[in-house]
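Student: whatever this is, show me its structure:
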Amino acid sequence: MDRNKWNLTMLCDFYELTMANGYFLKGFQEKITYFDIFFRRVPDGGGFAIAAGLEQLVEYIKDLHFSPEDIDYLRGRNMFDEAFLDYLAHFRFTGDIWAVPEGTPIFPNEPILTVRAPAIQAQMVETYALLCINHQSLLATKANRVVRAAEGRAVMEFGARRAQGAEGAVNGARAAYIGGVAGTATVLSDQVFGVPALGTMAHSWVQMFDSQYEAFKAYCQFYPQNAVLLVDTYNTLKSGVPDAIRAFNEVLKPMGIKKCGIRLDSGDITYLTKEARKMLDAAGWTECTITVSNSLDEYLIRDLLLQGAQINAFGVGERLITARSEPVFGGVYKLVAVEQDGQVIPKIKISENVSKITTPHYKKFYRFFGNDNGKAIADYLCVYDETVDDSQPLEIFDPDATWKKKMVRDFTAREMQVPVFQNGQCVYALPSLEEIRAYCAQQVDTLWDEVKRFDNPHKYYVDLSRKLWEIKYNLLERTY
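Tutor: Model (predicted):
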């Protein structure tokens, strides 16, 4: 089948269809259910993650349908009731979805996204919803770590050639931009999403000419306003930097252009950048920038800067686009409630693995910000019919260690989820990518530095209201 004709509704786990068929045969197709997407731990042992992928999920939900070809395929499996197949032929999403906006810092065990919909509809969106949220949240989180390690220096995403497929590259660049990178090498991400496409030359450009100097000179002539020369094809300090300086002198200087750069992709980056900086400054090219690449991540970037490397910008490839250090974002999709006779009935999943026990019920999700400094204090999950009066002090407690309590005063409580779909209609005005990126930076700034540490970050508390805690533990006692 032509990939361009793929119907993403069929990008689901097969058990979504077998369960849906069973729900239909049991008459559950109109049974209202509530599902949460949440994750259990932050990748790389970090203090927080970044939510991303909502825009792609919205577009998927809008187009949710089964084509005649899909129905024929399912009929050929000889597993599905004909009345169910007829139901699928008229299938559309009619439910409600709430989600945290893209770019929001998120923490374990809180609902990133909540689906309220008839059982079959809610079940059918599970796989693609997790695919969108898990992939882009993973890369936005990794990118934000890399960008913070760079301490204000520009970071460019260079990873398409080692990404997991075309969509991994294109959507990955989008997620990385939300996380804070300055741009991408992937042109399609610029064309589709407006992620700035950046780049100059490869080693092959230098090798194509009879001499390195000729390659540099030609590039400066063709692109005088964007002359960043790759200086490590042969010998960085013996010929690379000197030939770059010569090309700058002969082409850019007569034009009055001072903005230029060199890039290093190999060798002892700390030593080479220090020496290159001395050479450039001595030649009068004090505004010439130095960009480095070559299998970088947040830890290598941090070490290079601690060693005094003279770097203005970083190109980060495979270790960002694949989140190589921990390439899985463990988001899950769990049933938390059903409606019965007009009542919302909480549901819980219990496991011998305590971390896999879910928090039941249809919930609200607040973040508390201190009025004195705007910093995030804690997150607070409560039952949907509860409200928080932030004009009054509120005692919160650790749901796993209930003796740990804190009185919160002089704070603002903000609901973190926003309505995205109501009765099957999209009611959320999708922000621009630039707006998401700016929002992400602003929201990360509300976190204390201790939460943003790469190693052993301070634990940010996600607390339960007393009512929700009691519901959870009553269910545990009743069902275990």
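Student: list the contacts of the nearest residue to residue 13 once chain neighbours are set aside.
Tutor: The spatially closest residue to residue 13, leaving aside those adjacent along the chain, is residue 127, at 5.0 Å (C-beta to C-beta, 6 or more residues apart in numbering). (Each C-beta comes from the backbone N, C-alpha and C, glycine too.) Under the criterion of C-beta atoms under 8 Å, 6 or more residues apart in numbering, the contact partners of residue 127 comprise 11-13, 16.
Student: what do you get for residue 230?
Tutor: Residues touching residue 230, when contacts are defined by C-beta under 8 Å, 6+ apart, comprise 200-203, 205-206, 262-263, 265.
Student: rerun that using 10 Å as the cut-off
Tutor: Taking C-beta atoms under 10 Å, 6 or more residues apart in numbering as the contact definition, residue 230 lies against 200-206, 212, 215-216, 219, 236, 240, 244, 262-265, 291, 293.
Student: from these, list just the buried residues.
Tutor: If you count burial by 16 or more other C-beta atoms under 10 Å, the buried members of those come out as 201, 205-206, 212, 215-216, 219, 236, 240, 244, 262-265, 291, 293.
Student: return the closest of those with respect to residue 141.
Tutor: For those, the residue nearest residue 141 by C-beta to C-beta is residue 293; the value is 21.2 Å.
Student: do you know how far the closest residue in space to that closest one that isn't next to it in sequence is from residue 201?
Tutor: Counting by C-beta to C-beta, 6+ apart, residue 293 lies nearest to residue 315, which is 3.5 Å off, once chain neighbours are set aside. As judged by C-beta to C-beta, to the nearest Å, residue 315 and residue 201 stand 12 Å apart.
Student: spit out the residues that contact these two alike.
Tutor: Both residue 315 and residue 201 are in contact with residue 263, where contact means C-beta under 10 Å, 6+ apart.
Student: show me where the stretch 251-400 of the chain has its helices.
Tutor: Listed in chain order, the helices of the stretch 251-400 of the chain (DSSP state H, counting those that start in this stretch) span 269-282, 298-306, 318-321.
Student: please work out which residues outside the shortest one touch it.
Tutor: In this case it means helix 318-321. Residues external to helix 318-321 that are found in contact with it (C-beta under 10 Å, 6+ apart): 139, 142-143, 145-147, 155-164, 168-169, 172-173, 175-176, 179, 181, 184, 186, 295-300, 314, 324-325, 327.
Student: can you do 8 Å?
Tutor: Counting by C-beta under 8 Å, 6+ apart, the neighbours of helix 318-321 from elsewhere in the structure are 139, 142-143, 146, 157, 159-160, 162-163, 168-169, 172-173, 176, 181, 295-297, 324-325.
Student: what's the domain layout of this protein?
Tutor: When the chain is parsed into structural domains using automatic domain parsing, the resulting residue ranges are 3-139+327-479, 200-294.
Student: in CSV: those domains, plus mean pLDDT.
Tutor: Conversion of those to CSV gives the following (pLDDT from 0 to 100):
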stretch, mean pLDDT
domain 3-139+327-479, 96
domain 200-294, 97
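Student: and those: which comes nearest residue 305?
Tutor: domain 200-294 (9.3 Å).
Student: what's the helix or strand for residue 33?
Tutor: Counting by DSSP states H and E, the element that carries residue 33 is strand 32-38.
Student: about what we covered before: any idea how far residue 255 is from the residue nearest to residue 13?
Tutor: Using C-beta to C-beta, we find residue 127 at a distance of 55 Å from residue 255.
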